[in-house]
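Undergrad: With the input below, show me the fold.
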Amino acid sequence: MVELKMPPFDAGAFLASAGLGRKIVQLKPEQAFFVQGNAADSIFYLQQGRAKLTVVSTNGKEATITLLGDGDFVGEESLAAVGGMRMATATAITACTALKIEREEMIRVMHEEHTFSDLFLSFLLARSMRVQADLVDQLFNSSEKRLARILLLMAEFGKPGHAQTMIPKISQETLAEMIGTTRSRVSFFMNRFRKLGFIQYNGGIHVHKSLLNVVLLDQLPDRNAAKPPIQGTPPAES
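TA: Residues are numbered from 1 along each chain as shown. Below you'll find the model as predicted:
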């Protein structure tokens, strides 16, 4: 009797298609994947689109934690414990296509398929390093430099073939939340970047490679003029 061998597990195919315990969902801009405080019973894999992760404090103040793009998982807190709660809200910025994986199915495939668990572990490590880099950026860099870094990350610089990339429309309020400053400062810095040729507006934000000089080489003319005046208070370094 010939024993039939199962084909090797294909992580890419698993994440690209619906199946037992997983389904493909379509979200419109501003539609939520899940909401803070709801039951954490599934994890999402973003196949296409852009999204953001936000938290709301007890006094109602909202902050954007991070932006999400193709190939990101979101909602991994659902794997921690049965009956857990969502710690944040995930919302689509553009139209999104995502694979929703039920908690039990995600745990099963992680236990049974080492190629998938390796892939997921690599994602978690990369996210951890990103969070650490964000903290260092928040502690030591000016708000203008933090904005430049966020724009470059959204444009996915560093990937092959990305000489200059279009970012979907994103509000200045969201950018301000992410870098820890005010919308008026973001507006000032964005106009400054545009005048210096680092970005263009054309249905979205077109980021040029020259913006890397702001982050890597700190090459920005007239540094002392980089911050808009704040009425009624002395100028302060961010």
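Undergrad: Around residue 180, how many other residues sit close by?
TA: Counted with other Cβ atoms under 10 Å, the neighbours of residue 180 add up to 12. All C-beta atoms are positioned from the backbone trio N, CA, C, and that covers glycine.
Undergrad: my bad, residue 80
TA: Using other Cβ under 10 Å, residue 80 has 10 neighbouring residues.
Undergrad: ok, now residue 140?
TA: 9.
Undergrad: same check, this time on residue 92
TA: Here the number of neighbours of residue 92 (other Cβ under 10 Å) works out to 22.
Undergrad: That one reaches residue 30, doesn't it?
TA: Yes. Taking Cβ atoms under 8 Å as the contact criterion, residue 92 and residue 30 are neighbours in contact, 6.6 Å apart.
Undergrad: How about the spatially most central residue of the chain, nearest residue that isn't a chain neighbour?
TA: Most central in the chain under Cα atoms, centre = their mean is residue 67, positioned 2.0 Å from the mean C-alpha point. Nearest in space to residue 67, with sequence neighbours left out and distances taken as Cβ to Cβ, 6 or more residues apart in numbering, is residue 52 at 5.3 Å.
Undergrad: what about the longest helix in the protein?
TA: Of all the segments of type helix in the chain, defined by DSSP state H, the longest one is helix 114-140.
Undergrad: Quick one: name whatever helix or strand follows that helix.
TA: Read in the C-terminal direction, the helix or strand following helix 114-140 is helix 143-154, with elements assigned using DSSP states H and E.
Undergrad: Can you check what angle separates that following helix from helix 114-140?
TA: 160 degrees (axes from the mean of the first three to the mean of the last three Cα atoms, to 10 degrees).
Undergrad: hmm, who's touching helix 143-154?
TA: When contacts are taken as Cβ atoms under 8 Å, 6 or more residues apart in numbering, the neighbours of helix 143-154 outside the stretch itself are 50, 67, 69, 137-138, 141, 167, 170, 175, 178-181, 185-186, 189-190, 192-193, 198-199, 205, 207, 211-212, 214-215, 218, 220, 226-227, 238.
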